[in-house]
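A.B. asks: Got a predicted structure plus its sequence, pasted below:
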Amino acid sequence: MNRKLYPDNWESIAIDVKTAANWTCQECGRPCRKPGQKIEDFAEWLETEAIEWFPDLWDTKIDDELGEILVCRMHRFTLTTAHLDHVPANCEPNNLRAWCFPCHARYDLKAMPLKKRLKAERAGQLNLFDRPLEVEYAS
């Protein structure tokens, strides 16, 4: 993520998008941790108020010395702000979505060819097309 490509008020824009979504992923409905909320408090809230999501907080790993251990996967409950067109300067409301980290990562992975092309164009590579390449996005 190149911060130079984002507007100076990006943090404020991103917080507004997440707040408007009530700190819930607009793709899958996953509740996400709010700024300043302690991990322990969020985990307890999940266990009591959003129990269907609680199992996603943990993975079981096998350690050679300790055996089976639980690993907290809090990043799954981090809300991000996604640009649908992958252009950081385009902060129009219809281009932004509040998505949890897994949904955002899946979306970005599908658009990897476009992201590589945009990066190359920003670095000075010429585009062979008269117009931007049209890409369909599945959300």
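C.D. replies: The structure has been received and is ready for your questions.
A.B. asks: Quick one: mean pLDDT for the helix or strand harbouring residue 121?
C.D. replies: Taking DSSP states H and E as the definition, residue 121 sits inside helix 112-122. For helix 112-122, mean pLDDT rounds to 71.
A.B. asks: How far off centre is the least confident helix or strand in the chain by mean pLDDT?
C.D. replies: Ranked by mean pLDDT, DSSP states H and E, the helix or strand of the chain with the weakest confidence is helix 112-122, at a mean of 71. Helix 112-122 sits 19 Å away from the centroid of its parent chain (CA atoms, centre = their mean, to the nearest Å).
A.B. asks: for that helix, packing partners?
C.D. replies: Helices and strands touching helix 112-122, by 3 or more CB pairs under 8 Å, 6 or more residues apart in numbering; DSSP states H and E: there are none. Just so you know, the C-beta spots here come from the backbone N, C-alpha and C atoms, and that holds for glycine as well.
A.B. asks: And the helices in the chain?
C.D. replies: 10-20, 39-49, 101-110, 112-122 (DSSP state H).
A.B. asks: Deepest in the core, which of those helices is it.
C.D. replies: helix 101-110 (a mean of 17; mean count of other CB atoms under 10 Å).
A.B. asks: Just the CA trace of that one, in CSV.
C.D. replies: What follows is the C-alpha trace of helix 101-110 in CSV, where atoms were taken according to Å, rounded to 0.1, in the frame of the first residue of the first chain:
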residue,chain,number,x,y,z
PHE,A,101,-9.7,-8.5,5.9
PRO,A,102,-10.6,-11.9,4.4
CYS,A,103,-13.2,-10.4,2.0
HIS,A,104,-10.9,-7.6,1.0
ALA,A,105,-8.0,-10.0,0.3
ARG,A,106,-10.2,-12.3,-1.8
TYR,A,107,-11.4,-9.3,-3.9
ASP,A,108,-7.8,-8.0,-4.4
LEU,A,109,-6.6,-11.5,-5.4
LYS,A,110,-9.2,-11.7,-8.2
